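1. what follows is a protein structure lacking sequence information:
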């Protein structure tokens, strides 16, 4: 759940906590209002379970023990006042006869590290979280947690963390995110600004896949498919085709799903299958999302042209073989790899 550790430097003394020395600013997030920065006793803070609680949900797989140990090691060096303190909200409750004045929002790993040094109190930021007609309380707190995890250099949210939060929010009636690709993409871009673009795309795909499995009809302007998506589509829609080089007993052919840019690989696979079994193959094409200046038809035509080019290349190679008795390629050598046997330079075949 935590990202930016209130980490530590040699100049500081752990026994002297000074909230006024913290230079970190505040997090701006919908429904979240900064209240104050203060010293709070750890025993007065309720910590929700790492799993199964909507207010402690930005870590799908629970605590990261290695991260806790790294924080504990850093703790021995003192306090770095430039980093963000853990965050609490005011919420009085009684659990098993114990009265708690606060609830932890971010900082679970940091509190574990502090406890390993028997610290009794620490500097915390208090925020107030409120819902509205535009967002639920769960929207507000989960988004705040993801936004806090977004800041380098600490333990960022994993792909699974983000997928888990978004799919859960939508399934619970989120007012911030709709079960629609553009809405999901806008949310990910907002709260995970440091995440790599390819990772964001993967997160969005996985959220959509999860939502579809829970019965949502997620609107997408254009659908791209992973290997698992294709399997799911064929199974759910009961499409009578084979993929992945499986033999189609009805058609007596091997079936392949071919992504844009890869016909050459699948032509070779089909040739191998024909050599091994004498059975032909059929391809099911799918493309990437079209750019602004092209259409789906354009991309499919390019795939057909690619396939034709591969086929023409094979015919040229066969013509060369028929005329010269060899294919128009050869092995020239090997890169040095076997260090144990003293391979150091290029090896000519």
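-> Okay, I see it. Because the structure is a prediction, the values reported are computed rather than measured. Numbers count the residues shown, from 1 in each chain.

2. ok, residue 29 - how many residues close by?
-> If you count neighbours by other C-beta atoms under 10 Å, residue 29 ends up with 20. C-beta here means a position set from N, CA and C on the backbone, and glycine is covered the same way.

3. show the pLDDT at it.
-> Predicted confidence (pLDDT) for residue 29: 93.

4. how near is it to residue 293?
-> 37 Å (C-beta to C-beta, to the nearest Å).

5. same check on residue 301?
-> From residue 301 across to residue 293, the span is 14 Å (C-beta to C-beta).

6. ok, those two, which is more surrounded?
-> Each of residue 301 and residue 293 has its neighbours counted (other C-beta under 10 Å); residue 301 has more, 12 against 6.

7. what about the helix or strand hosting that one, distance to the chain center?
-> Element membership for residue 301, per DSSP states H and E: helix 296-324. Chain-centre distance of helix 296-324: 37 Å, with C-alpha atoms, centre = their mean, to the nearest Å.

8. try stretch 134-143
-> The answer for stretch 134-143 is 21 Å, by C-alpha atoms, centre = their mean.

9. what is the mean pLDDT for that stretch?
-> Mean predicted confidence for stretch 134-143 is 93.

10. can you give me the strands in the stretch 201-349 of the chain?
-> Assigned by DSSP state E, counting those that start in this stretch, the strands in the stretch 201-349 of the chain fall at 246-248, 253-259, 281-286, 333-334, 347-348.

11. any idea of the mean pLDDT in the fourth one?
-> Mean per-residue pLDDT for strand 333-334: 95.

12. partners of it in the sheet?
-> Strand pairing for strand 333-334, determined by DSSP bridges: strand 347-348 (antiparallel).

13. ok, the closest residue to residue 175 other than its chain neighbours - contacts?
-> In space, and not counting its chain neighbours, residue 175 is closest to residue 135: 4.7 Å by C-beta to C-beta, 6 or more residues apart in numbering. Shown in contact with residue 135 (C-beta atoms under 8 Å, 6 or more residues apart in numbering): 30-31, 143, 174-176.

14. most surrounded residue in those?
-> residue 143 (26 neighbours).

15. correct me, but residue 195 touches residue 188?
-> Yes - applying C-beta atoms under 8 Å, one finds residue 195 in contact with residue 188, separated by 7.4 Å.

16. quick one, which of the two is more surrounded?
-> Neighbours were counted for residue 195 and for residue 188 using other C-beta under 10 Å; residue 188 has more, 22 against 18.

17. for residue 139, see how far away the more buried one is.
-> 14 Å.

18. after the helix-or-strand element of the chain with minimal mean pLDDT, heading C-terminal, what element do we hit next?
-> For the chain, counting by mean pLDDT, DSSP states H and E, helix 65-75 ranks last in confidence among helices and strands (a mean of 63). Downstream of helix 65-75, the next assigned helix or strand under DSSP H and E is strand 87-95.

19. distance of the residue nearest to residue 175 from residue 257?
-> From residue 135 over to residue 257 the distance is 40 Å, taken as C-beta to C-beta.

20. do residue 105 as well
-> Residue 105 is 44 Å from residue 257, by C-beta to C-beta.

21. quick one: the helix holding residue 301 to strand 281-286, angle?
-> Helix 296-324 and strand 281-286 are oriented at 150 degrees to each other (axes from the mean of the first three to the mean of the last three C-alpha atoms, to 10 degrees).

22. does residue 141 touch residue 105 like I think?
-> Yes - if you go by C-beta under 8 Å, residue 141 and residue 105 touch, sitting 6.4 Å apart.

23. tell me where the model's unsure across the stretch 51-200 of the chain.
-> Applying pLDDT under 70 to the stretch 51-200 of the chain flags the ranges 51-78, 151-156.

24. ranges for the helices of it?
-> Remark: helices assigned in the stretch 51-200 of the chain by DSSP state H, counting those that start in this stretch are 65-75, 108-116, 137-149, 159-171, 181-191, 197-213.

25. most tightly surrounded among those?
-> helix 137-149 (a mean of 24; mean count of other C-beta atoms under 10 Å).

26. measure how that helix sits relative to helix 159-171, angle-wise.
-> Interaxial angle of helix 137-149 relative to helix 159-171 (the same axes, to 10 degrees): 160 degrees.

27. and helix 137-149, how far out from the chain middle?
-> Distance of helix 137-149 from its chain centroid, counting by C-alpha atoms, centre = their mean, is 17 Å.

28. read off the pLDDT value for the nearest residue to residue 286 once chain neighbours are set aside.
-> Leaving aside its chain neighbours, residue 286 sits nearest to residue 225 (5.2 Å; criterion: C-beta to C-beta, 6+ apart). pLDDT recorded at residue 225 is 86.

29. so what's residue 225 up against?
-> 233, 257, 259, 286.

30. rerun at 10 Å
-> Counting by C-beta atoms under 10 Å, 6 or more residues apart in numbering, residue 225 touches 205, 231-233, 257, 259, 284, 286-287.

31. let me know the closest of those residues to residue 332.
-> Distance to residue 332, by C-beta to C-beta, is smallest for residue 259 among those, at 30.8 Å.
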